[in-house]
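S.K.: Model the structure of this input:
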Amino acid sequence: MAASISTNDGRFQPIDRREAACLAIGSLAFAVMFSYPMLCDVAYLGPGISGWIGSGPVFSHLGRFPANGDWDLFTQLRWVPYFTIAHFHQLPFWNPYKCGGMGMLSNPESSVVTPSLIPYILFGPYAGLYIEIIGHLAIGFAGGYVLARVMGLGRVAAIVGAVVFPSSSWIYLHLAVGHLNFLPAFYFPWVAALLLISIRRREFLPAAIGGAICALTLTEGNYTFLYTAIIIGSAALMIAIVNRSLWPLVYGLAIGIFGLAFGGLKLIPMAQQLTVYPKHTFGLEMITARMISHFLFSRNQDLYRVTGAEFLFSEYGAYVSIVFAVLAVIGLVSRPVKALPWLLSAAIFISFARGFTGEHSPVLMLRYLPMGENAGITGRYLIPFVFSVGVVAAIGTDFLCSKFGTMGRRISIVLIAVGIADSWVVGAPNLRYLFHNDTAQIAPSPEFRQYWVASPGNMTEIAQANMGSVNCQGYGYCDVPEGPLGYNQAGYRGEYYLLGAGTVSQTLWTPNRLGYEVNVPSATSLIVNQNSYPGWRLSRGSGELRAERGLIAIKLPPGRQKIEVVYAPQHILLTFAPTIVAAAALILIWRMEAQN
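M.R.: Numbering: from 1, shown residues only. Purely as a prediction, here's the structure:
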């Protein structure tokens, strides 16, 4: 049974069960092939594949977390939600293991409100991590193929649309240093495809579903939500102009509204955290056109190559094989109108990637957006730029196939094979750097306690040892106060203590809820060695919750009683409200449009 998809030029491209099955198999095969280098040992620092691929796979890698660059930051943000749910049976709202205690759901880099958390719960944190990586690569491949088919392109061209974006070096460079927050970029093609379906069918349901998928670019990451908004806004605007219709803008706006509503589960607490703990603006540097050409077309995409810019090469590399670049030029020249929506987004992203070119730099416009100053390193805008190039390359391939018939298809297939092989050799080998560093294991603590370490590069292992790292410097949140003390620091009085006379014992410890039994002869305060933050409240006992030198404090009256404090911020209910409304609206739209 075929599911016909109407396209802007009036053609139909059916995707039947056989094609869908082949796509599923091809997507998984692509993901496994391009992720294979993470099973290889690091043999040397440098580009190329000789010297390490011949050693064979090291399957023991799958039984541990990677260790290189920022990996520890992101594995800790995966392990804590897993452990909070699996061991304490609580929702991961608070993270006592990081920076002396800070929000988990509200952390911009966290990935909690997402189906990607399910494999962690079902199969454990290590298997869950690699399922997340391979799954997203497959999602990106399949999405590019579907987008091309929705656009009316043939199967061969759709393969180009599938491979260009996920085969580019950007993802393997970012994964080499642990930047899991860029995996949601693989939802770009799915959201774009649903926009085009809504425009063609004049239905809101695909746009509403696209908004739900768009929300994942926020709940699984941060920057990719902005990239998606630019892609969808540019495509909707150009299609509206070409078609002389406002409907594309309406459907694009619908995706944005549903995306914000479904993403409210993270957006609202994240906005609060960035207000309480501002993230400093960083990464605003000047990048020349010559540098960008190296980032895109140099075949030396090794993580440790000299960038000529401020940061490691992982922040800039986004290799596009010369084969795919030629196909993109053909698409731009042969079918400029069809390429126009993607050309606009490409122009925006390349101008942002230039960074600071003067007081009127395009990227400075982002500061007028809510939380826009947290947009980060400008070289990262090459990621969505490559996506746009991939769509135009698919258009060019379709021109070759339709213009030159069988010969055109054969030439295209050869070019695709060369482009895939070239991209694999250039970008994917960076995955062998996942295990570049060794991480010292920490002796487990029988009771939770805070721990200070000079170089906080093993926060995951500290958390697994039932301790929290109070030193957060260099981990993106330098404004998180360091009021809590580690047990190995001078002045440490315990994880809880009274300021005055009396006795106190702990009766409950979980990430979100703490319990104590106190007996004090006169009014005093109970201090908890964690950061005070909006959302902590007294759920049992008499007293007043407040902050004491930045720590959680409960002002107690005289007497014996049991005290419980819980992290349950009022905005939790507020975050669910827009999501519930969006889900109800999606169901209503589905029922109404199904009747027409």
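S.K.: all helices for the stretch 401-550 of the chain, in order.
M.R.: Assigned by DSSP state H, counting those that start in this stretch, the stretch 401-550 of the chain shows helices spanning 459-464.
S.K.: which residues of it score low on pLDDT?
M.R.: Applying pLDDT under 70 to the stretch 401-550 of the chain picks out residues 473-479.
S.K.: ok, residue 31 - contacts?
M.R.: 134, 135, 137, 138, 141, 166 (CB atoms under 8 Å, 6 or more residues apart in numbering). (C-beta placed from N, C-alpha, C; glycine too.)
S.K.: By neighbours, which of the residues you listed wins?
M.R.: Of all the contacts of residue 31, the highest neighbour tally under other CB atoms under 10 Å goes to residue 166, namely 30 neighbours.
S.K.: how far away is that one from residue 503?
M.R.: 60 Å (CB to CB, to the nearest Å).
S.K.: And residue 20, by the same measure?
M.R.: For residue 20, the distance to residue 503 - CB to CB - is 67 Å.
S.K.: Counting neighbours, go ahead and name the busier of the two.
M.R.: More crowded of residue 20 and residue 503, by other CB under 10 Å: residue 20, with 14 against 11.
S.K.: Is residue 215 within a helix or a strand, and which one?
M.R.: helix 205-219 (DSSP states H and E).
S.K.: What sits closest to residue 508 if chain neighbours are left out?
M.R.: Nearest non-adjacent residue to residue 508, counting by CB to CB, 6 or more residues apart in numbering: residue 515, 3.1 Å away.
S.K.: Could you give the number of residues near the one you found?
M.R.: There are 18 residues near residue 515, going by other CB under 10 Å.
S.K.: Equivalent analysis for residue 518, please.
M.R.: There are 21 residues near residue 518, going by other CB under 10 Å.
S.K.: So what pairs up with it in the strands?
M.R.: Beta-bridge partners for residue 518, by DSSP bridges, are residue 504, residue 561.
S.K.: which residues touch it?
M.R.: 498, 502, 503, 504, 526, 556, 560, 561, 562, 563.
S.K.: Relative to residue 567, how far out is it?
M.R.: 20 Å.
S.K.: that older thread, hang on, the residue nearest to residue 508 packs against residue 496?
M.R.: No - between residue 515 and residue 496 there is no contact under CB atoms under 8 Å: 10.3 Å.
S.K.: Quickly list what's touching both of those two.
M.R.: The contact sets of residue 515 and residue 496 overlap at residue 506 (CB under 8 Å, 6+ apart).
S.K.: Give me the secondary structure label for residue 310.
M.R.: Of the three states, residue 310 takes coil according to DSSP: H, G, I helix; E, B strand; the rest coil.
S.K.: Got the phi and psi for it?
M.R.: The phi and psi values for residue 310, taken as degrees, to the nearest 10, are phi -80, psi -30.
S.K.: cool, and residue 542?
M.R.: Main-chain dihedrals, residue 542, degrees, to the nearest 10: phi -100, psi 140.
S.K.: I'd like to know how many residues surround it.
M.R.: 12.
S.K.: isn't it right up against residue 557?
M.R.: Yes - between residue 542 and residue 557 there is a contact at 5.6 Å, judged by CB under 8 Å.
S.K.: Which parts of the protein are strands?
M.R.: Secondary structure of the chain (DSSP state E): strands at 94-95, 102-103, 449-451, 467-469, 496-498, 503-509, 513-520, 524-531, 536-540, 544-548, 551-556, 559-567.
S.K.: Now render the ones you listed as a markdown table, adding distance to residue 187.
M.R.: Formatted as a markdown table, the strands of the chain follow (distance: least, CB to CB, whole Å):
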| stretch | distance to residue 187 |
| --- | --- |
| strand 94-95 | 25 |
| strand 102-103 | 24 |
| strand 449-451 | 37 |
| strand 467-469 | 32 |
| strand 496-498 | 43 |
| strand 503-509 | 38 |
| strand 513-520 | 34 |
| strand 524-531 | 33 |
| strand 536-540 | 34 |
| strand 544-548 | 39 |
| strand 551-556 | 38 |
| strand 559-567 | 30 |
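S.K.: so which of those strands gets nearest residue 221?
M.R.: With CB to CB, the closest approach to residue 221 among the strands of the chain belongs to strand 102-103: 16.3 Å.
S.K.: Show me what the closest one pairs with in its sheet, parallel or antiparallel.
M.R.: Under the rule (DSSP bridges), strand 102-103 has strand 94-95 (antiparallel) as partners.
S.K.: Show the average pLDDT along the partner strand.
M.R.: Throughout strand 94-95, pLDDT has a mean value of 96.
S.K.: Next: stretch 311-324.
M.R.: 96.
S.K.: and it, how far apart are its ends?
M.R.: With CA to CA, to the nearest Å as the measure, stretch 311-324 spans 27 Å from end to end.
S.K.: list the buried ones in that stretch?
M.R.: Buried residues in stretch 311-324, counted by 16 or more other CB atoms under 10 Å: 312, 313, 314, 315, 316, 317, 318, 319, 320, 321, 323, 324.
S.K.: quick one: which of those is nearest residue 407?
M.R.: Nearest to residue 407 among these: residue 323, at 17.2 Å, using CB to CB.
S.K.: How about the closest one, nearest residue that isn't a chain neighbour?
M.R.: Of all residues not flanking residue 323 in the chain, residue 419 sits nearest, at 3.8 Å (CB to CB, 6+ apart).
S.K.: Repeat that for residue 19.
M.R.: In space, residue 19 is closest to residue 155, 7.5 Å off (CB to CB, 6+ apart).
S.K.: neighbours of that neighbour, just the number please.
M.R.: 17.
S.K.: quick one on the thing from earlier: format the contacts of residue 518 as TSV; extra columns: distance to residue 365.
M.R.: Conversion of the contacts of residue 518 to TSV gives the following (distance: CB to CB, whole Å):
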residue	distance to residue 365
498	53
502	57
503	59
504	54
526	49
556	52
560	60
561	56
562	55
563	50
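S.K.: Off-centre distance for the helix holding residue 215?
M.R.: The chain centroid and the centroid of helix 205-219 are separated by 14 Å under CA atoms, centre = their mean, to the nearest Å.
S.K.: if you average pLDDT over it, what comes out?
M.R.: For helix 205-219, the mean per-residue pLDDT is 96.
S.K.: That helix - contacts with which helices or strands?
M.R.: On a contact count with 3 or more CB pairs under 8 Å, 6 or more residues apart in numbering; DSSP states H and E, helix 205-219 meets helix 188-201, helix 223-243, helix 247-276, helix 571-595.
S.K.: most tightly surrounded among those helices?
M.R.: Sort those by mean neighbour count, taking mean count of other CB atoms under 10 Å, and helix 188-201 sits at the top with a mean of 24.
S.K.: What's the mean pLDDT across that one?
M.R.: For helix 188-201, the per-residue pLDDT averages 96.
S.K.: Between the two ends of stretch 150-160, how far is it?
M.R.: End-to-end for stretch 150-160, by CA to CA: 14 Å.
S.K.: and what of stretch 93-108?
M.R.: When the termini of stretch 93-108 are compared using CA to CA, they are 13 Å apart.
S.K.: Please enumerate the helices of the stretch 251-400 of the chain.
M.R.: 289-297, 322-334, 336-353, 382-426.
S.K.: Looking at the ones you listed, which is nearest to residue 93?
M.R.: helix 382-426 (30.1 Å).
S.K.: What is the neighbour count of residue 130?
M.R.: The local packing of residue 130 (other CB under 10 Å) involves 17 other residues.
S.K.: ok, and the closest non-adjacent residue to it?
M.R.: That would be residue 62: by CB to CB, 6+ apart, it lies 5.8 Å from residue 130.
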